[in-house]
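Undergrad: mind looking at a prediction? Sequence and model below.
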Amino acid sequence: MIAVFVTFEYAEGFDRKRIHGIAEKAKGAFTGMPGLRSKAFTIDDENRRARNVYLWESEQAARAFFTPELAERIKGLYGTPARIEFAEVAALVDNAAARTP
C-alpha cells in the first residue's frame, strides 16, 4: 500500500470555506475509484496550508493517477503548485473495519 500527500499553501483569496466547497464537490469523483482505498481532505488554517492524503492499494495505481497533467489541474484549482509526495505504508490501523457488525 502507498500513501500520497498532496500539500499546498493557500493562495490569496483562499480560505477554509472555499476548500470545504472544493472538497465537497470533488468527493464524488473519488468514490469507488479503482485502486484508491481512501482520501482525506485536510485544512491547516494556522499555517494557511491544506493537505490531501490518499491511500492507494499499489504504487502503480497511485503513480498512474498523479500525472503531470493532474498536477497542473491541481495548480489551476487551488491557485498554487502542490507538493506531491509518495510514501510506503508500513502498517495501517483501520478501526472502521473493526466496528462493522
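TA: That came through, no problem. These numbers come from a predicted model, not from an experiment.
Undergrad: burial measure for Ile19, as a count.
TA: Using other C-beta atoms under 10 Å, Ile19 has 19 neighbouring residues. Where you see a C-beta, it was placed from the backbone N, CA and C, and this is true even at glycine.
Undergrad: who are the contact partners of the most centrally placed residue in the chain?
TA: The chain has Asn52 as the residue nearest its centroid, 2.8 Å off, counting by C-alpha atoms, centre = their mean. Asn52 makes contact with 5-7, 39-42 under the criterion C-beta atoms under 8 Å, 6 or more residues apart in numbering.
Undergrad: mind redoing it with 10 Å?
TA: Contacts for Asn52 were tallied using C-beta atoms under 10 Å, 6 or more residues apart in numbering; they are 4-8, 19, 22-23, 26, 30, 39-42, 74, 78, 82, 84.
Undergrad: list the buried ones in the helix or strand containing it?
TA: Assigned by DSSP states H and E, Asn52 belongs to strand 49-56. Within strand 49-56, the residues that count as buried by 16 or more other C-beta atoms under 10 Å are 50-52, 54-56.
Undergrad: equivalent analysis for stretch 68-79, please.
TA: When neighbours are counted by 16+ other C-beta under 10 Å, the buried residues of stretch 68-79 are found to be 74, 78.
Undergrad: right, I'll leave it there.
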